[in-house]
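Novice: just to be clear, the model below is a prediction. Sequence and coordinates:
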Amino acid sequence: MSEYQTKSSSFLALLFIAGLVVGGMISSYIAIQENTSLKNEVSNLQSLVSKLWGSQTIINNSITVYQNGSSLSEIYAKVKDSVVLIYVQTSVGAVQGSGFVYNYTYRSMMVIVTNYHVVHNAVNISITFPDGEGYEATVLGTDPYADLAILKPINVPEEKFKPLTVVSSSTLQVGDPVIAIGNPYGLVGSMTTGIISALGRTIVEEEYAGRFAIANIIQTSAPINPGNSGGPLLNILGEVVGITTAIIENSQGLGFAIPSNTLQREVFALIEYGNYTGHSYLGIEGRDISYETAKQLGLNVTYGWWVTKVIEGDPSYGQLQEGDVIIALNGTKIRNGDDMSSYLEEKTLPGETLILTVIRRDGETLRKIDLPVVLGRRPPPPV
């Protein structure tokens, strides 16, 4: 091998070794850079997580409750001046309740909505606004069967009236948040919150409505106390969806309200005629069917309303029989008396023909039959 070839081989070997060294250095550099980049990303993520956690901690330490974009305090500020204290003198004592301003657009007049039982047997009525200014009021119309009353304020300056918006209660669902504002025990302008806990209930007020149920009632967990009666039940926009009316004594979180649909249906008649006579009437008495009752009676259904009496001369006489079980009205399933009363109140009027689907026993045989009944009108409420 020549001296030139030997030098060339040595140079190539050195060059190869140098390449390995440089390649190793470059690989190490790249690895170090990648590791540094990864560490930076992890550090950034840790900082982001820390920042988010810090924000969460701040939010938790300073909570404002918002309902559909408005805080509860904002809703209260918007509606509080529309709710009044009602003071009623009767021949046997005094009663306090609540009411709210309503714009009766048909006559462009402002009225006060409240409960019938608040003004029952009233001798004198006054309303007091949240600023402490009081005025006389008179009754325009009442309906004991819906526990509703409309009052006419006397000599109230126009600027005092700030009517609430009344919307349909048809869209309410169990679980919807609601707000009650009123004057429990005379504590003016008190606000409570809760949810819709049930719909389509019925309640009975013997003194005012006799044996008839007040139907299609809203049940709410918003605390309601004596003095709240007649005040507004509001949705999360501050709109009226009901009128608070009753509680079950010694209950925890059980309050009731008349649905706004009832007010909207009756307000014209209450103001123009002084009463509402559109409550349908079947002329029967009965009770709910339970599993145990169905078993005892040998029925093939475990729901419905068991007819225990058909009143002679009333609309159902000659059609229904004692022992019939009503399971549907106009094709709508009826589970119990609440369903039946609410359907009659919401969906029918006196004079209409109603198709009742009943289970009837003929000896040992059970038959399902459809019976047409022309609805009557409820007799006048007790005085």
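Specialist: Ah, there it is. Please read all numbers here as calculations on a predicted model, not as lab measurements.

Novice: now do the strands in the stretch 151-300 of the chain.
Specialist: Secondary structure of the stretch 151-300 of the chain (DSSP state E, counting those that start in this stretch): strands at 177-182, 190-204, 213-220, 232-234, 240-247, 255-259, 280-281, 284-288.

Novice: adding distance to Tyr303, mean neighbour count and mean pLDDT, write these out as CSV.
Specialist: For glycine as for every other residue, the C-beta is placed from the backbone atoms N, C-alpha and C. Below are the strands of the stretch 151-300 of the chain laid out as CSV (distance: least, CB to CB, whole Å; neighbours: other CB atoms under 10 Å; pLDDT from 0 to 100):
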stretch, distance to Tyr303, mean neighbour count, mean pLDDT
strand 177-182, 29, 24, 96
strand 190-204, 14, 18, 92
strand 213-220, 18, 25, 92
strand 232-234, 29, 29, 97
strand 240-247, 26, 26, 92
strand 255-259, 23, 27, 95
strand 280-281, 22, 20, 96
strand 284-288, 8, 17, 95
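
Novice: and of those strands, who's closest to Val166?
Specialist: Proximity to Val166 (CB to CB) singles out strand 240-247 among the strands of the stretch 151-300 of the chain, at 4.4 Å.

Novice: circling back: quick one: closest of the strands of the stretch 151-300 of the chain to Leu356.
Specialist: When the strands of the stretch 151-300 of the chain are ranked by proximity to Leu356, the top entry is strand 284-288, at 9.7 Å, counting by CB to CB.

Novice: who are the packing partners of the closest one?
Specialist: For strand 284-288, the packing partners by 3 or more CB pairs under 8 Å, 6 or more residues apart in numbering; DSSP states H and E come out as strand 305-310, helix 337-347.

Novice: so which of those comes closest to Tyr116?
Specialist: For the helices and strands packed on strand 284-288, proximity to Tyr116 was assessed by CB to CB; helix 337-347 is nearest, at 15.5 Å.

Novice: so for Pro350, which of the strands of the stretch 151-300 of the chain sits nearest?
Specialist: So among the strands of the stretch 151-300 of the chain, strand 280-281 is nearest, using CB to CB, at 5.5 Å.

Novice: quick one: Gln319 and Val374 touch, right?
Specialist: No. Look at Gln319 against Val374 with CB atoms under 8 Å: they stay out of range, at 9.3 Å.

Novice: name the residues contacting each of those two.
Specialist: The contact sets of Gln319 and Val374 do not overlap (CB atoms under 8 Å, 6 or more residues apart in numbering).

Novice: of those two, who's got more company?
Specialist: Per other CB atoms under 10 Å, whichever of Gln319 and Val374 has more neighbours is Gln319, with 16 against 12.

Novice: circling back to that earlier point, using a markdown table, lay out the strands of the stretch 151-300 of the chain together with distance to Trp306.
Specialist: Formatted as a markdown table, these follow (distance: least, CB to CB, whole Å):
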| stretch | distance to Trp306 |
| --- | --- |
| strand 177-182 | 34 |
| strand 190-204 | 16 |
| strand 213-220 | 16 |
| strand 232-234 | 33 |
| strand 240-247 | 26 |
| strand 255-259 | 25 |
| strand 280-281 | 19 |
| strand 284-288 | 5 |
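
Novice: do you know which of those strands lies nearest Leu164?
Specialist: Of all these, strand 240-247 sits nearest to Leu164, with 5.0 Å by CB to CB.

Novice: where's Ile203 relative to Val310, distance?
Specialist: Distance from Ile203 to Val310, counting by CB to CB, to the nearest Å: 24 Å.

Novice: try Gly242
Specialist: 34 Å.

Novice: do the same with Thr277
Specialist: Thr277 sits 23 Å away from Val310, going by CB to CB.

Novice: mean neighbour count, the helices and strands packed on strand 284-288: which tops it?
Specialist: Highest mean neighbour count among the helices and strands packed on strand 284-288 (mean count of other CB atoms under 10 Å): helix 337-347, with a mean of 20.

Novice: hmm, back to that, quick one: closest of the helices and strands packed on strand 284-288 to Arg361.
Specialist: Short answer: strand 305-310, nearest of these by CB to CB, at 11.4 Å.

Novice: can you give me the neighbour number for Val128?
Specialist: Actually, residue 128 is Thr rather than Val. When neighbours are counted by other CB under 10 Å, Thr128 registers 16.

Novice: one more: the one 4 residues further on?
Specialist: In terms of burial, Gly132 registers 8 neighbours under the definition other CB under 10 Å.

Novice: do Gly351 as well
Specialist: 11.

Novice: check contacts around it.
Specialist: Gly351 neighbours (CB under 8 Å, 6+ apart): Val374, Leu375, Arg377.

Novice: walk me through the domains of this structure.
Specialist: Residue ranges for the domains of the chain, per automatic domain parsing: 69-276, 280-377.
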